Structures are given as structure tokens and as C-alpha cells.
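Chemist: Got a sequence here, can you model it:
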Amino acid sequence: MKKLGLIAGGGNLPVEIARHCERAGRPLFVIRLKGFAGDGLAPYAGAEVGLAELGKCFKALRRAGCEAVCLAGNVSRPDFSSLVPDMRGLGALPGAIAAARRGDDALLRFLVGEFEKEGFAVEGAHEVMDDLSLPVGPLGRHLAPEETTADVARALEVARAIGRLDVGQGAVVCDGLVLAVEAQEGTDAMLARVAELPAALRGRPGAPRGVLAKAPKPIQETRVDLPTIGRATVEGVARAGLAGIVGEAGRLLVLDREEVIGLADELGLFVVGVEMETA
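Modeler: Numbers count the residues shown, from 1 in each chain. Have a look, this model is predicted:
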């Protein structure tokens, strides 16, 4: 097993990956990104590195004997003028800024390329943990009711459309109406907006209507930043009065899987994976 360098931002995903490696006996070294990585990663061997300290990052990975890396967790787009790069980071900064002007996906592809230039294999979170992604069909007891079929198709269509524009990864549709699309605010904030809409436009507890769909951007580098859901997503869907969640099988990460299944089953919500759209 190649020793894995986990480039860790915020949220639960890096912690789940670290725990998985520990259970599987895979050697691990964690690069904790300053200002983003959480305390849950403190027990693991690693180093703290600033966003623009590429030289320090690569040197630490090599010293630890890492052959592969996985970029995981939440990292907000930086204010490039406030970064303090080392020499390697300084050399990469113009390329990063140019990529960022083309969108988040271009920036992520650029960063992946920097690791590959240094000889590291880049693994997606779903490749490190093969049981992390959404399977085809229902996740849990509840199927998507027949009356939601049109909303499921429409929500996925909209999510894929905004992805083609590098806007976001999620959309909410109810009775054919697009209630919200995800941009930089993220899924939780989008669902909170839906929950504040007039009750006539959406469902309510006990009479849910509408669907949240999440899909990766068509040009997306799938080894980083795949769409993700977790317990908070299910709770947000319930508060918004929606009937369930749909995503592309194999291309949507499910964090805290057992909690997600248990909560969705308890609330009567569906979580369903569909086959990826083909050209």
C-alpha cells in the first residue's frame, strides 16, 4: 500500500479518510492546512502548512515517504494578495491566479497538476475509501415516490447545467419550479434559503415535496471536490420540506453514512443514486 499524504482542509471528510486509513492499516501522513483543518486530525502524524507553502508541503511529504496524496476537505478561495508563499509557492502563484480567474474547477485542476509534477499520485477520496460514494438505487429504506420523478429529472438537469458554467453543484426543484441553485454559499445555506420560502412553493414536515439534486461539474477533476452530503444535508432537506436527495451514483460522497441512512429513514426521506448521464 502506498503511503498516503492527506492534504486536509475543514469538515468531516478528512477525518473519515484518516480513520479509514487507520482501520485499513494504510500508512498515513496528514498535511493540516492552516486555518482550515480541524482538531480531529491532531492525533495523526503530520505537519501544519500554509496554503501557499508548497515547498514546505512537498518536502514534508517526501520526508514522510508518501507516494500518493489525497486532497480533501473544505478550503475557501483565498485572497491571493494576503498569502505568504515560500519559494516553490511563489513560482506557482501566477499560474494559480490565472487558473482561479477561469473558475474553481480550473484552480483545483491546477493544484492537482502541481502535485503530479512533483511525482505524487493523486487519489480521490472515493478511491481511498471505495464505500464512500453513493451507490445506484436507494440508500436506506425509502424509494423516490413516482410523483417525484419529474422533479428528480429536472433537479439533476439544473444541477448539471450550473455545473457546466462552473457555478455550483446543487439545485432544488419542487413541482417543476426551480427554488434554488447552489453557488459559493454552499448546500446548507441554499437549503436554509429554501426553508424560508412561502409554504405554497415547497413541502412541509408530514407532506414533503421537492428534491435536492447534487451533481459534479461536467469538466470537474473528480479526484477533488466531488459533491458531498452528510447528516447536516439531510437535516436541511427536512427543514426545507423536501422529499429527498438525488445524486449521480459513484460521484456523490456520503459522509457519516450510517447516520445519514438512519436519519433519512427516521424522517421518511429518500436518498437515491442514479446512473451518470452519458453524452
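Chemist: Please count neighbours and contacts with C-alpha atoms only from this point.
Modeler: Noted.
Chemist: Sketch out the strands for this structure, chain order is fine.
Modeler: 4-8, 28-33, 46-49, 68-72, 121-122, 137-138, 170-174, 177-181, 211-214, 228-229, 244-248, 253-254, 270-274 (DSSP state E).
Chemist: any idea which of those strands is most buried?
Modeler: Ranked by mean neighbour count under mean count of other CA atoms under 10 Å, the strands of the chain are led by strand 211-214, which reaches a mean of 32.
Chemist: can you list the residues that contact that one?
Modeler: Outside strand 211-214, the residues within contact range by CA atoms under 8 Å, 6 or more residues apart in numbering are 148, 151-152, 155-156, 159, 169-174, 227, 237, 242-248, 252.
Chemist: what's the average pLDDT for that strand?
Modeler: When the per-residue pLDDT values of strand 211-214 are averaged, the result is 97.
Chemist: Just checking: what are the partner strands of that strand?
Modeler: The strands that strand 211-214 pairs with in its sheet are strand 170-174 (antiparallel), strand 244-248 (parallel) (by DSSP bridges).
Chemist: can I get the CA coordinates of that strand in CSV?
Modeler: In CSV, the C-alpha atoms belonging to strand 211-214 read as follows (Å, rounded to 0.1, in the frame of the first residue of the first chain):
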residue,chain,number,x,y,z
VAL,A,211,-36.0,17.3,-4.4
LEU,A,212,-32.4,18.4,-3.8
ALA,A,213,-30.0,17.2,-6.6
LYS,A,214,-26.2,17.3,-6.5
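Chemist: Just send the strands paired with strand 211-214 back as TSV, with mean pLDDT too.
Modeler: Formatted as TSV, the strands paired with strand 211-214 follow (pLDDT from 0 to 100):
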stretch	mean pLDDT
strand 170-174	97
strand 244-248	96
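Chemist: quick one: contacts for Phe110?
Modeler: With CA under 8 Å, 6+ apart as the criterion, the residues that contact Phe110 are 95-96, 99.
Chemist: Now, these that are in helices?
Modeler: 95-96, 99 (DSSP state H).
Chemist: Compare those and tell me which is most surrounded.
Modeler: Comparing those on neighbour count, Ala96 comes out first with 20 neighbours (neighbours: other CA atoms under 10 Å).
Chemist: Excluding sequence neighbours, find me the nearest residue to it.
Modeler: Ranked by CA to CA, 6 or more residues apart in numbering and with sequence neighbours excluded, the top spatial neighbour of Ala96 is Leu107, at 6.1 Å.
Chemist: Next one, pLDDT for that neighbour please.
Modeler: Residue-level pLDDT assigned to Leu107 equals 85.
Chemist: What of Thr278?
Modeler: Thr278 carries a pLDDT value of 56.
Chemist: repeat for Leu165
Modeler: According to the prediction, Leu165 has pLDDT 86.
Chemist: burial count for it?
Modeler: There are 12 residues near Leu165, going by other CA under 10 Å.
Chemist: With the one 4 residues further on instead?
Modeler: Neighbours of Gln169 under the rule other CA under 10 Å: 28.
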